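Enquirer: got a sequence here, can you model it:
(chains A and B)
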Number of protein chains: 2
Amino acid sequence: MEQNQFLGAQSVRFSQPVYIKESASIVGEKEGEGPLGMLFDQVSKDPMFGGETWEEAESRLQKKTVDLVLKKAGCQKEDVRYLFAGDLLGQSMASIFGLVDFARPLLGLFGACSTSGLALGLGSMCIAGGFAKQVLCVTSSHFCSVEKEFRYPLGYGNQRPLSASWTVTGCGAFLLSDEYSITNRAMITGVTFGKMIDYGLKDSMNMGCCMAPAAADTVKCHLQDFGRTPEDYDKIITGDLGKVGQKVLIDLLSQEGIDISENHTDCGIEIFDGETQDTHAGGSGCGCAASTLSAYILRQMEKGEWKRVLFVPTGALMSKTSYNEGNTVPGIAHAVVIERI
Amino acid sequence: MEQNQFLGAQSVRFSQPVYIKESASIVGEKEGEGPLGMLFDQVSKDPMFGGETWEEAESRLQKKTVDLVLKKAGCQKEDVRYLFAGDLLGQSMASIFGLVDFARPLLGLFGACSTSGLALGLGSMCIAGGFAKQVLCVTSSHFCSVEKEFRYPLGYGNQRPLSASWTVTGCGAFLLSDEYSITNRAMITGVTFGKMIDYGLKDSMNMGCCMAPAAADTVKCHLQDFGRTPEDYDKIITGDLGKVGQKVLIDLLSQEGIDISENHTDCGIEIFDGETQDTHAGGSGCGCAASTLSAYILRQMEKGEWKRVLFVPTGALMSKTSYNEGNTVPGIAHAVVIERI
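Expert: All right, here's what the predicted structure looks like:
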């Protein structure tokens, strides 16, 4: 048996760090106009990405982003042992048709908008366990494919409450490696996989509230498992709670005696300017946390602004069928410890 | 860095085996009337499993099966570190609502009907890498929820060609452990994760043909990676190719000089009597391979009939949207080496 690398109730601490060798982000025009616009690798003016359907558009976005991360890293697809991937579409169709041409083994994941955390967590475990030297983690979302999948036809022009979030058209791809290099972007030293938490909420137009209890549970468990306090992190960054969910998260944790009000932010809050971009609570989607991690968070770490970050993508677990049948929307969140090289 | 446990192009060989400590299977009435009917732990006469919708029925089936495997193993849910789970419904809703009450970290997976192989593969890696002592792998399908998800309303009474398969109402749950015990059901010693293979087929009523090229690719790669021949396995057992897909698989491999005609079978062929049960090509679904593994394959190994089996669940990657948009149906297959204790 290999050395035990588990910790506390739900966590993993790697005996050797796993390196984020390279990453890439591609987003749509609206994201390009947001506060992080200059930081993404590419901004596409064509929302179809050259495709003929919204689903094909998202697949092409994902394919382009994987091509880009391989190019940036100077790698061939044969240098990647496994693909850890997922998206929000039914039966993960964006990833299937985005990745089929890469001809590498696919380990398909679903954790709604938490999928980027799940992919980085499992990908890191795969490398830290000695099962691969390089793996690729990729997740995406597209505003139009997701509105079609979960809500209303775009042409219907439905009104959105201020608690609603705006699905990010974006993709983030991460090449993980077991090799230290000064040019690595960052390193992953631990993971806390999250439980589903269901407070009985049913409002798919307020996903921040649905997910905040899961984020609070994962953060609390993470700090317990690692014996840390919020001050051990320069930033604790959730995926897509938005402004409404952020308040709930901070409130829930403060009831547990944990104060993250000083060092919390959220990818969904960072990626759009809610005042001018009509995005209401903030950005969401599998591509929100992933593209923000690649473009913004890792850059802040490279600049030395932040040394250790807890990256906590959050997912609202629902389908149009579960919604129409009156089910609740459980939340889930996975936490990944990312440290400066 | 831990000891390297990777092998060849796509495989993992564990330095210490991972044990299938216990397993459970629950199926519907039709499966109970089939050739394996006496072997399942439970056969439910109620297709709704006490629920009010087909989706809730599948969730309840999954919950019952997890309860049962824990009871059989004498374990509490707290003894399970992580849940590796998936199903065929959009956004994995059967697993979400089936497992939310277990309050254990969920690592959600999607590989269509290959998901049981993906779950056993990743769950084994998690234990072999030293990240957990016990994990639980569970996958399910339900004839009625799947017909609704992918095909026509049941009341429409559509005709099915002879190449079509019949989705199994069933669930298999597996408790994996790092501890040797004479009472363990079997052990997992290696995994080959599969690539998506797309031959351009578009016929969702002939999924066996869509998946057979992926099964052939994974089996071929597995034998290469491990330096083995088909004779090293008492049985090579695919998930749900059915009779049409079986012929294609054997033909494709024979073109590569690999003859598995003597020792191949398929869970979809074993679980129904195609002559009398009107199931045409055979059974299919995430629950087909999983329930057959628990009820039949592991029992054959315990009886000493088979010492080493290659278990190769197969998945047809499609959604109703991808089908309606005229996309192809790529296949995927993951291979798990299961050996007698």
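Enquirer: which stretches in chain A count as helices?
Expert: Applying DSSP state H to chain A gives helices spanning A:29-32, A:54-73, A:93-99, A:115-128, A:143-150, A:207-226, A:242-255, A:267-271, A:274-277, A:286-292, A:298-302, A:320-324.
Enquirer: save these as a markdown table, and put in mean neighbour count, mean pLDDT and distance to chain B too.
Expert: All C-beta spots, glycine's among them, are computed from the backbone N, C-alpha and C. Output for the helices of chain A, formatted as a markdown table (neighbours: other CB atoms under 10 Å in any protein chain shown; pLDDT from 0 to 100; distance: least, CB to the nearest CB, whole Å):
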| stretch | mean neighbour count | mean pLDDT | distance to chain B |
| --- | --- | --- | --- |
| helix A:29-32 | 21 | 98 | 23 |
| helix A:54-73 | 23 | 98 | 6 |
| helix A:93-99 | 28 | 98 | 5 |
| helix A:115-128 | 30 | 98 | 6 |
| helix A:143-150 | 22 | 94 | 8 |
| helix A:207-226 | 25 | 98 | 9 |
| helix A:242-255 | 20 | 98 | 17 |
| helix A:267-271 | 29 | 98 | 19 |
| helix A:274-277 | 13 | 94 | 27 |
| helix A:286-292 | 37 | 98 | 12 |
| helix A:298-302 | 19 | 98 | 23 |
| helix A:320-324 | 17 | 95 | 5 |
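Enquirer: so which of these is nearest residue A:336?
Expert: Closest to residue A:336 of the helices of chain A, according to CB to CB: helix A:115-128, at 4.9 Å.
Enquirer: nearest to chain B: which residue in chain A?
Expert: Here chain A gets closest to chain B at one residue, residue A:129, 2.5 Å apart by CB to the nearest CB.
Enquirer: my guess is that residue contacts residue B:5, does it?
Expert: Yes - using CB atoms under 8 Å, residue A:129 is in contact with residue B:5, at 6.9 Å.
Enquirer: the more surrounded of the two?
Expert: More crowded of residue A:129 and residue B:5, by other CB atoms under 10 Å in any protein chain shown: residue A:129, with 27 against 21.
Enquirer: what sits against the nearest residue to residue A:289 once chain neighbours are set aside?
Expert: Excluding its sequence neighbours, the residue lying closest to residue A:289 (CB to CB, 6 or more residues apart in numbering or on different chains) is residue A:239, at 3.7 Å. Shown in contact with residue A:239 (CB atoms under 8 Å, 6 or more residues apart in numbering or on different chains): A:113-114, A:116-117, A:266-268, A:284, A:288-289, A:312-315, A:333.
Enquirer: from the residues you listed, which is closest to residue B:98?
Expert: Closest to residue B:98, out of all of these and judged by CB to CB, is residue A:315, at 16.7 Å.
Enquirer: give me the pLDDT value at residue A:4.
Expert: Predicted confidence (pLDDT) at residue A:4: the value is 72.
Enquirer: okay, now stretch A:290-297: how far is its last residue from its first?
Expert: With CA to CA, to the nearest Å as the measure, stretch A:290-297 spans 10 Å from end to end.
Enquirer: ok now it, how far from the chain's centre?
Expert: 9 Å (CA atoms, centre = their mean, to the nearest Å).
Enquirer: need the residues that contact it.
Expert: Under the criterion CB under 8 Å, 6+ apart, residues A:23-27, A:31, A:36, A:39-41, A:116, A:138-140, A:168, A:170-174, A:235, A:237, A:267, A:270-271, A:306, A:309, A:311, A:313, A:338 lie in contact with stretch A:290-297.
Enquirer: stretch A:124-131 now?
Expert: Against stretch A:124-131 from outside (CB under 8 Å, 6+ apart): A:2, A:5, A:12, A:14-16, A:18, A:81-82, A:84, A:132-135, A:176-178, A:188, A:191, A:336, B:1-6, B:12, B:125-126, B:128-131.
Enquirer: same question, stretch A:48-56
Expert: Contacts with stretch A:48-56, where a contact means CB under 8 Å, 6+ apart, come from A:57-61, A:64, A:89, A:93-94, A:97, A:142, A:144-145, A:148, B:321-322, B:325.
Enquirer: check stretch A:32-44 too.
Expert: For stretch A:32-44, contacts defined as CB under 8 Å, 6+ apart pick out A:24-29, A:31, A:61, A:64, A:68, A:72, A:170, A:270-273, A:277, A:291-292, A:294-296, A:299.
Enquirer: picking that back up, mind giving me the PyMOL select for the contacts of stretch A:124-131, buried ones only?
Expert: To isolate the buried members of these in PyMOL, using 16 or more other CB atoms under 10 Å in any protein chain shown:
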select buried, (chain A and resi 2+5+12+14+16+18+81+82+84+132+133+134+135+176+177+178+188+191+336) or (chain B and resi 2+5+6+12+125+126+128+129+130+131)
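Enquirer: among the contacts of stretch A:124-131, which are located in strands?
Expert: Secondary structure defined by DSSP state E assigns A:12, A:14-16, A:18, A:82, A:84, A:134-135, A:176-177, A:188, A:191, A:336, B:6, B:12 of the contacts of stretch A:124-131 to strands.
Enquirer: what's near enough to touch residue A:68?
Expert: Shown in contact with residue A:68 (CB under 8 Å, 6+ apart): A:24, A:26, A:41, A:42, A:173.
Enquirer: out of the residues you listed, which end up buried?
Expert: Buried among those (16+ other CB under 10 Å): A:24, A:26, A:41, A:173.
Enquirer: now for residue A:205, how many residues are close by?
Expert: Residues near residue A:205, counting by other CB under 10 Å, number 16.
Enquirer: hang on, it packs against residue A:164?
Expert: Yes - taking CB under 8 Å as the definition, residue A:205 is a contact partner of residue A:164 at 4.5 Å.
Enquirer: contacts made by stretch A:247-263 with the rest, please.
Expert: Outside stretch A:247-263, the residues within contact range by CB under 8 Å, 6+ apart are A:208-209, A:212-213, A:215-216, A:219-220, A:223, A:229-231, A:233-236, A:238, A:241, A:264.
Enquirer: which one of the ones in strands among the contacts of stretch A:124-131 is nearest to residue A:246?
Expert: Of all the ones in strands among the contacts of stretch A:124-131, residue A:246 sits closest to residue A:336, with 18.9 Å by CB to CB.
Enquirer: quick check: bridge partners of that closest one?
Expert: Counting by DSSP bridges, residue A:336 is bridged to residue A:191, residue A:311.
Enquirer: picking that back up, where's the residue nearest to residue A:289 relative to residue A:111, distance?
Expert: As judged by CB to CB, to the nearest Å, residue A:239 and residue A:111 stand 10 Å apart.
Enquirer: find residues that contact each of those two.
Expert: Residues touching both residue A:239 and residue A:111 (CB under 8 Å, 6+ apart): A:117, A:313, A:315.
Enquirer: possible to save those residues as CSV with distance to residue B:195?
Expert: Compiled in CSV, the shared contacts of residue A:239 and residue A:111 are given as follows (distance: CB to CB, whole Å):
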residue, distance to residue B:195
A:117, 25
A:313, 26
A:315, 27
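Enquirer: and the residues you listed, which is closest to residue B:153?
Expert: Closest approach to residue B:153 among the shared contacts of residue A:239 and residue A:111 (CB to CB): residue A:315, at 29.9 Å.
Enquirer: ok, the closest one touching residue A:330?
Expert: No - applying CB under 8 Å, one finds residue A:315 not in contact with residue A:330, separated by 9.0 Å.
Enquirer: which residues do the two both contact?
Expert: In contact with both residue A:315 and residue A:330: residue A:214, using CB under 8 Å, 6+ apart.
Enquirer: what's the most distant pair in the buried ones among the contacts of residue A:68?
Expert: Every pair of the buried ones among the contacts of residue A:68 checked by CB to CB; the farthest is A:41 and A:173, at 9.8 Å.
Enquirer: what do these two both touch?
Expert: A:24, A:25, A:68, A:294.
Enquirer: brilliant, that's me finished.
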